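Novice: sharing a model prediction with you, sequence too.
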Amino acid sequence: MNYQMDAVAERKLRRVQKKGLHLFYSLFRLVILLSIGFIIIYPLIYTVVTSLQSRYAFLNSTRVWIPTEFAIAENYIAAFTSMDYLRSLWSTCKNELLSAALEIASCALVAYGLARFEFKWKKLYIGILFFTILVPDMMVLIPRMLNYSHLDFFGIGGLFQKLTGIDLRPNIIDTPWAFWLPSFFGVGLRSGILIYIYMQFFKGLPQELEEAAWVDGAGPLRTFLSIALPSSGVVILTVTVFAMIWHWNDSLLSGMYLSNSFPLARQVARLPETLGSKYHIILSARDPQGIGYLMAGCVLFIVPMLVVYMIVQRWFIESIDRVGITG
């Protein structure tokens, strides 16, 4: 009898310990998630609140998160006009987002070839792919500028100039072609990472469907367009979100390739300069509302991508889980 009572008490104790560990784990996970969420969301909340404040609200140190006075129209109109928002938005769509679309298509084709076919020096090409991921754009920016100022393929244009004295090498700097050509050939902004993501997905596709298409007479390109692409909706969504955000945030390349009609990312970086030239606003402690103008420009910059992500976030999270980006 005592033995049975001890066994029941031991089982109850184990259940209590198990529930206590589960409760501790849940609380620990909640604290970690709240901490990470605060670190991520805090800058966004601060940016939005600061963009609404007037000069007198900045001077009132007793109110931080709820301003005493608002200057929504003044801050946002100044930022909107200083950034030349509509023209810059069009430049972003023409130069950056179109480049992202070309990159999404070209990287899919390159990745399918690397994932599905065996050919000579394949390992060398994959090694070059990882090399492009590791090398930052700043290291190859000067050679790109020299090449784009006299666009040449394998030195053919330079040789023709030496023989005839006629320079047929075009200058594509300050044109959309400086963005479009690299993306079309799969060597655009962070193309290596996009190709790698595609490769990981294509390796997991069942080969039976492609082999059946080959038996029916379909070639590699037809198989890619008819079999691989229709089955790649999840990875295409993942790559699309990454490519759009990376191109949207690009200020380095746009600042080097363009001398006017800058995209939004470059206009945000130039906002202190343009505020000074158009509104004679100098960022200083004497006029803290200048920070409100800057934060309003940041809000105008992130809102389009934030809206897009809010629309596709559910499918994007599902696609990340199904793509399985692994080594």
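Specialist: Ah, there it is. Residues are numbered from 1 along each chain as shown.

Novice: make it CA atoms for all contacts and neighbour counts henceforth
Specialist: Fine.

Novice: any idea which element the closest residue to residue 258 other than its chain neighbours lies in?
Specialist: Distances taken as CA to CA, 6 or more residues apart in numbering put residue 174 closest to residue 258, at 4.3 Å, once the chain neighbours are dropped. Secondary structure assignment for residue 174, by DSSP states H and E: no helix or strand.

Novice: show me the contacts for residue 174.
Specialist: With contacts defined as CA atoms under 8 Å, 6 or more residues apart in numbering, the neighbours of residue 174 are 257-260.

Novice: out of the residues you listed, which are inside helices?
Specialist: Among the contacts of residue 174, the members falling in helices (DSSP state H) are residue 257.

Novice: from the contacts of residue 174, list the buried ones, please.
Specialist: 257-258 (16 or more other CA atoms under 10 Å).

Novice: now the contacts of residue 174 as a markdown table including distance to residue 133?
Specialist: Output for these, formatted as a markdown table (distance: CA to CA, whole Å):
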| residue | distance to residue 133 |
| --- | --- |
| 257 | 21 |
| 258 | 24 |
| 259 | 28 |
| 260 | 29 |
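
Novice: can you redo the contacts of residue 174 as CSV with distance to residue 200 and pLDDT?
Specialist: Output for the contacts of residue 174, formatted as CSV (distance: CA to CA, whole Å; pLDDT from 0 to 100):
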residue, distance to residue 200, pLDDT
257, 33, 89
258, 35, 88
259, 39, 84
260, 39, 83
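
Novice: distance from whatever helix or strand residue 28 lives in to the middle of the chain?
Specialist: Following DSSP H and E, the helix or strand that holds residue 28 is helix 2-52. Between the mean C-alpha location of helix 2-52 and the chain-wide mean there is a distance of 33 Å, by CA atoms, centre = their mean, to the nearest Å.

Novice: using CSV, write out every CA atom in the following helix or strand past that helix.
Specialist: If you walk from helix 2-52 toward the C-terminus, the next helix or strand you reach (DSSP H and E) is helix 55-59. Written as CSV, here are the backbone C-alpha positions of helix 55-59 (Å, rounded to 0.1, in the frame of the first residue of the first chain):
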residue,chain,number,x,y,z
ARG,A,55,9.5,72.3,-33.2
TYR,A,56,7.8,73.0,-29.8
ALA,A,57,7.2,69.3,-29.3
PHE,A,58,10.9,68.6,-29.6
LEU,A,59,11.7,71.2,-27.0
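
Novice: buried residues, helix 55-59. List them.
Specialist: Burial within helix 55-59, assessed by neighbour count using 16+ other CA under 10 Å, is assigned to 55, 57-58.
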